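> Next input, structure requested:
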Amino acid sequence: MFENYEETLESLKQASHYRDIRDFEAKDGKYIYYRGKKLLNLSSNNYLGLADNSDVVRRFLSDGGEKYSFGSASARLLTGTLPVYRELENLITDLFNSEGTLLFNSGYHANVGINSCIAGKSDVIFSDKLNHASIIDGMRLSESKFFRYPHNNMDALEKLLKRERGNFKNAFIVSESVFSMDGDIADLKKLVELKEKYNCILIIDEAHAFGVFGKVGLGVCEHEGLIDNVDLIMGTFGKSIGSMGAFATGKKVLIEYLTNKARSFIFSTALPPINIAFSKWIIENELPKTYEKRMKMLELGQKMGSESHIIPVIVGANDKTVELSEILFQNGYFTLPIRPPTVPEGTSRLRLSLTTDIEEKDLEKLCDIIG
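Got it, this is the predicted structure:
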């Protein structure tokens, strides 16, 4: 009965595609303990060092955090909303100067929910080829037609818009701002220009930029002064903010539509109130202190050849990528091999993910090994 599964798993192992869940002994700031070794953690999205920060947790609890429960036991549309949920949504709405905000349980929940329901049978989505799997999954679940344009290729996108826009009622352009596996940044100014020229709705995923880019930390849209030109912005609390959950913020009509149509929102038990309260507390109390550290992190990333705090080291072959990961492990670095389907075939890589705790001197040996 299970032969097909066993054969598939064996083929994954032979192709260096096999994945397993690693059991870590402990985490300590920028370090992680694994297989008896203390390693510099370069595979985390804990960009501001707030996750598992015991000092931050103590201050949150002493500032009223202890009053929140560890479970909501209900979906938001039933009994899963307490005042703190609205307080966080209002905070995000105020920060972005938007018309409304809706919380989701994760970035995956948000992107699947948005992209599966936002476009109907008579609509179309234009999506960057390297957008996250959650965006792709959402589009596949939708009833709309969708096209994936070559990565960051604005000329190709415009050709698609010229050819296809007139065939559909509503059109959506969807892109990440900072691409999670390449670390490069979308041409948001051109996306805004094309959105306006071809009467489209623009959706930007700021998952890896929220809490990192911008004076306030709202993302690349803030950094480039384009928040008001984007119709819907998605961000997460599970990366820079060190908590859990995600949000969509933007036009009131879109937020109301998601509230009524996004199945990943409607049919999910709400996040625990303590997570909601912690995210709100972090954004109000810790994020404003991080500007200088965030800028230094981005400068280090740029010095290493990236546009952001994510540095791809593209190796190509799966086995060679796994081998390099193991060599770095033996030299005190934890950086996981990223392989298809996460990235295109032939572009397996190490994804070096910086945090504000990592200094240039921490990476000198690593650069020598890779070089």
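> Next one, pLDDT for Gly29 please.
Here the pLDDT value assigned to Gly29 is 88.
> Share the number of residues neighbouring it, please.
13 (other C-beta atoms under 10 Å). (C-beta placed from N, C-alpha, C; glycine too.)
> give the contact list for it.
49, 53, 357 (C-beta atoms under 8 Å, 6 or more residues apart in numbering).
> From Arg351, how far off is Pro344?
Per C-beta to C-beta, to the nearest Å, Pro344 is found 14 Å from Arg351.
> Compare these two (neighbour count), which wins?
Arg351 (21 against 12).
> I believe that one is in a strand; please confirm or correct that.
Yes - counting by DSSP: H, G, I helix; E, B strand; the rest coil, Arg351 is found in a strand.
> Need the nearest residue in space to it, chain neighbours excluded.
Ile338 (5.0 Å; C-beta to C-beta, 6 or more residues apart in numbering).
> do Ala186 as well
Nearest residue to Ala186, sequence neighbours excluded (C-beta to C-beta, 6+ apart): Ser175, at 4.7 Å.
> helix/strand/coil for the one you found?
What three-state DSSP gives for Ser175 is strand.
> Tell me how many other residues crowd it.
Considering only other C-beta under 10 Å, Ser175 is surrounded by 23 other residues.
> Contact partners for Pro272?
Contact partners of Pro272, counting by C-beta under 8 Å, 6+ apart, are 68-72.
> ok, now with 6 Å
70-72 (C-beta atoms under 6 Å, 6 or more residues apart in numbering).
> Please list only the buried members of these.
The neighbour count (16 or more other C-beta atoms under 10 Å) marks Ser72 as buried among the contacts of Pro272.
> Domains of the chain: list them as residue ranges, please.
Domain assignment for the chain by automatic domain parsing gives 24-48+290-370, 69-287.
> Just name the most buried of those domains.
Highest mean neighbour count of the domains of the chain: domain 69-287, a mean of 20 (counted as mean count of other C-beta atoms under 10 Å).
> contact partners of the helix or strand hosting Arg59?
Taking DSSP states H and E as the criterion, Arg59 maps to helix 54-62. Contact with helix 54-62 is made by 50, 278, 281, as judged by C-beta under 6 Å, 6+ apart.
> buried set for it?
For helix 54-62, the neighbour count (16+ other C-beta under 10 Å) marks 56, 60 as buried.
> In the chain, where is pLDDT below threshold?
Applying pLDDT under 70 to the chain flags no residue at all.
> Point to the residue nearest the middle of it.
Nearest to the mean C-alpha position of the chain, by C-alpha atoms, centre = their mean, lies Ala207 at 3.0 Å.
> before we move on, back to that, any chance of the domains of the chain in CSV with distance to Arg58 as columns?
CSV is the format used below for the domains of the chain (distance: least, C-beta to C-beta, whole Å):
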stretch, distance to Arg58
domain 24-48+290-370, 15
domain 69-287, 12
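> So for Phe2, which of those domains sits nearest?
Among these, domain 24-48+290-370 comes nearest to Phe2, with 22.5 Å by C-beta to C-beta.
> Next, the distance between the ends of the closest one.
Length of domain 24-48+290-370, first residue to last, C-alpha to C-alpha, to the nearest Å: 25 Å.
> Run the chain-centre distance for that domain.
Chain-centre distance of domain 24-48+290-370: 17 Å, with C-alpha atoms, centre = their mean, to the nearest Å.
> Same question for stretch 216-234.
Mean-position distance between stretch 216-234 and its chain equals 15 Å (C-alpha atoms, centre = their mean).
> same check, this time on stretch 173-192
Distance, centroid of stretch 173-192 to centroid of chain: 12 Å (C-alpha atoms, centre = their mean).
> What's opposite Thr101 in the beta bridge?
On the basis of DSSP bridges, Thr101 is bridged to Thr249.
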